[in-house]
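A.B. asks: structure for this input, please:
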Amino acid sequence: MFKSKRIVLTSLVALFIGIICITTSNFLNTKGVKANQSQTHQTTKTNQNNHFKRESESDSVSGKTNDSHAHWATNPTGEKYTTIAHRGASGYAPEHTFQSYDKSHNELGASYIEIDLQRTKDGHLVAMHDETVNRTTNGHGRVDHYTLKQLKQLDAGSWFNKANPKYANKKYKNAKVPTLDEILDRYGKNANYYIETKSPDVYPGMEKQLLNTLARHGMLTNSSLKNGHVMLQSFSGDSLQKLHQMNPNVPLIKLMNKFELTNASDQDLKAIKSYAVGVGPEYTDLNIKNTRHLKDLGFLVHPYTVNNVNDMRRLNQYGVDGVFTNYADLYKAVSKNQ
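C.D. replies: Reported below is the predicted structural model:
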């Protein structure tokens, strides 16, 4: 009887041990599966995060935008970023004078001398931004009320010394308003020119006169145009279309007023593309999305007027092709590292 009890007891112990082993094995297997599932989930989550991060980075400002879009238009000068000296080195010297142009071209090494055109009473194209002489000379009245001889009597430099004492220079006193012919004679094909028909409605026939002047100085040859010696710009689409009809080989830039870009439809932009190779928006209208859209449409993008280095850097990162600036040296320094 005791032997029988021992057998039963031994069997029960063995059964209990077996149950414990099976339960432990199942628990460990389940834990292993969960651990593997957790690891797999974590790996998947990490991969997803990396994927989203890469997508975010690809859509963010990288600073290498132009390098990854081989189909985008490039500057005729061959530069990734072109430096357009707005009215010359106008941050350092009186605008639209030889003092300003010399500094931008000879000292700062800007890509382009930017020139605004007005016309005198006796028909000479001269470099001046405003339709009047009031702001930048000691004279008063409209440019087209002055003959060239009268205009040459004005002091176009002293105002700068008063307005910018930090950069004042006695050599700026009695600076003269230059004609387009004089500018082209002075720098010739050693410089590039970014010329605006400033008030085409005021000066009928300005477009033809401009092209004739450029041709006379050898600036409209295939070689000159191919090397980017000349770009013409205007806020007036009509003026640019006249230029395009007269000479379709000259690269044209459509300048855009504040909010004009943000209000423009694709149809509007494609109409501009029919005659212009690029656009010059007011720089605060640009963001990474619309800059890349303009580039995808085939435009060069040259915003104006950018004088802050942080804005310069940000716009380059968006994918612009250059900027108008009063400080060519600052933009060249920023662009060198991007």
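
A.B. asks: so what's L108 up against?
C.D. replies: Shown in contact with L108 (C-beta atoms under 8 Å, 6 or more residues apart in numbering): A85, A89, A328, D329, K332. Just so you know, the C-beta spots here come from the backbone N, C-alpha and C atoms, and that holds for glycine as well.

A.B. asks: which of those lies closest to L180?
C.D. replies: A85 (16.1 Å; C-beta to C-beta).

A.B. asks: surely the closest one touches I113?
C.D. replies: Yes - with contact defined as C-beta atoms under 8 Å, A85 reaches I113; the gap is 5.7 Å.

A.B. asks: could you export stretch 294-307 as PDB, CA atoms only?
C.D. replies: The C-alpha trace of stretch 294-307 is given here as PDB (Å, rounded to 0.1, in the frame of the first residue of the first chain):
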ATOM      1  CA  LEU A 294      10.100  79.500 -61.200                       C
ATOM      2  CA  LYS A 295      13.200  77.400 -61.900                       C
ATOM      3  CA  ASP A 296      11.100  74.500 -63.000                       C
ATOM      4  CA  LEU A 297       9.300  76.800 -65.500                       C
ATOM      5  CA  GLY A 298      12.700  77.600 -67.000                       C
ATOM      6  CA  PHE A 299      13.400  81.000 -65.500                       C
ATOM      7  CA  LEU A 300      16.500  82.600 -64.200                       C
ATOM      8  CA  VAL A 301      15.700  84.200 -60.800                       C
ATOM      9  CA  HIS A 302      17.400  87.400 -59.900                       C
ATOM     10  CA  PRO A 303      15.600  89.100 -56.900                       C
ATOM     11  CA  TYR A 304      16.200  92.700 -55.900                       C
ATOM     12  CA  THR A 305      17.500  94.500 -53.800                       C
ATOM     13  CA  VAL A 306      19.200  92.300 -51.200                       C
ATOM     14  CA  ASN A 307      21.700  94.000 -48.800                       C
END
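
A.B. asks: number of nearby residues for M128?
C.D. replies: 25 (other C-beta atoms under 10 Å).

A.B. asks: same thing with H69?
C.D. replies: For H69, using other C-beta under 10 Å, the count is 13.

A.B. asks: just the one 4 residues further on next, same as before
C.D. replies: When counting by other C-beta under 10 Å, one arrives at 16 neighbours for A73.

A.B. asks: helix/strand/coil for it?
C.D. replies: A73 falls in the coil class when you classify it by DSSP: H, G, I helix; E, B strand; the rest coil.

A.B. asks: just give me the neighbour total for the closest residue to it other than its chain neighbours.
C.D. replies: For A73, ignoring the flanking residues on the chain, the nearest one in space by C-beta to C-beta, 6 or more residues apart in numbering is L300 at 5.1 Å. L300: 23 surrounding residues under other C-beta under 10 Å.
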